[in-house]
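Enquirer: predicted structure and sequence below. I'll ask about it afterward.
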Amino acid sequence: MAIQFNHTIVPARDKRAAAHFLADMLGLPAPVPFGPFYAVTLANGVSLDYAEPGTDFAPTHLAFLVSEAEFDEIYARITTRGIAHWADPAQNRPDEINTNDGGRGVYFVDPDGHYLEALTVPYGGWPAR
């Protein structure tokens, strides 16, 4: 079997609220309680399992490859809700998107400080066929 990424744990102050924020922003099905977690499952079967560690935690970066139509929907949610966003990870280009590698991308922050990214083309572009 080829090695595949299956899941990761994402720390949150309120796991239910954080999982619902992500699912809502990305237009995914509602998170499912699973043991001590709230799991958000992506189309490729990978799950992001939100947990409350009870301690301080460093924010992380989560990037999501989305279709052009999904990007439009996500960006509309970001702008409609007045969520701060940037075209770049250094936050030098606020209220913009990027067109890196022939696609579109945007960065925004969730309520726990995790840096979320939606992009339509992977870094470096699509592999040649």
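Expert: All right, it came through fine.
Enquirer: how about the strands of this structure, start to end?
Expert: All strands of the chain, identified by DSSP state E, fall at 7-11, 32-34, 37-41, 47-51, 61-65, 85-86, 105-109, 115-119.
Enquirer: quick check: Phe64 touching Glu117?
Expert: Yes: counting by CB atoms under 8 Å, Phe64 touches Glu117, with 6.8 Å between them. C-beta coordinates here come from the backbone N, C-alpha and C atoms, glycine included.
Enquirer: ranges for the helices of this structure?
Expert: 15-26, 68-80 (DSSP state H).
Enquirer: output the contacting helices and strands for the shortest one.
Expert: Using 3 or more CB pairs under 8 Å, 6 or more residues apart in numbering; DSSP states H and E as the contact test, the elements touching helix 15-26 are strand 37-41, strand 47-51, helix 68-80, strand 115-119.
Enquirer: show the contacting residues for the residue nearest to the spatial centre of the chain.
Expert: Centroid-nearest residue in the chain, with CA atoms, centre = their mean: Leu116, separated by 4.3 Å. Leu116 is in contact with Leu22, Met25, His61, Leu62, Ala63, Phe64, Tyr107, Phe108, Val109, Asp110, counting by CB atoms under 8 Å, 6 or more residues apart in numbering.
Enquirer: please list only the buried members of the residues you listed.
Expert: Using 16 or more other CB atoms under 10 Å as the burial test, the contacts of Leu116 include Leu22, Met25, Phe64, Tyr107, Phe108, Asp110 as buried.
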